[in-house]
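Q: Fold the following.
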Amino acid sequence: GTENFVKASFENLFHRAPSTSELAQSEQMVDGFVPGILFGETGSSKTDFVQIVTNSTSFYEGLVTTAYLNYLLRKPSDAEMNSQMTQLSNGTRTYNSLIESLVISTEYAGF
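A: The predicted model follows:
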């Protein structure tokens with residue numbers, strides 16, 4: 001139940017497993033019995049967990065990594081990560097426009 005949900009969220013969104021502390025705090029939060037702290041934010045429900053996770057820096061890193069792995073078959077460079085993550089988090093770029101920029105690139109055209 002809860003443990004699988006939390007682990008899957010971290011693995012699918014952040015491309016990593018949660019730390020022991022992150023797992024424990026997230027489980028507390030999702031179960032709603034005791035507030036948990038994740039990424040410096042306090043929450044006490046599954047809704048809070050989802051809100052915190054999808055507004056974290058790690059979420060935007062995960063989106064960029066997923067796009068690069070799916071379309072260019074590689075991880076983004078540090079410069080690409082910083083640029084794309086900043087644009088996604090401040091709203092100047094959407095996930096769809098990120099994908100569009102990758103599929104029209106010369107690198108993608110080599111397929």
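Q: Apart from its chain neighbours, what residue comes closest to Phe10?
A: Pro18 (4.3 Å; Cβ to Cβ, 6 or more residues apart in numbering). Heads up, the C-betas are built off the backbone N, CA and C, glycines and all.
Q: And Gly91, how far from Met85?
A: In this view, Gly91 and Met85 are 12 Å apart by Cβ to Cβ, to the nearest Å.
Q: Please spell out which residues along the lengthiest helix in the chain are buried.
A: Secondary structure of the chain read by DSSP state H shows that its longest helix is helix 57-71. With burial defined by 16 or more other Cβ atoms under 10 Å, the residues of helix 57-71 counted as buried are 59-68, 71.
Q: try stretch 86-102
A: 87-89, 93, 98-99, 102.
Q: Could you tell me how far it lies from the centre of the chain?
A: 14 Å (Cα atoms, centre = their mean, to the nearest Å).
Q: just for this protein, where's the confidence low?
A: Scanning the chain with the threshold set as pLDDT under 70 gives 110-111.
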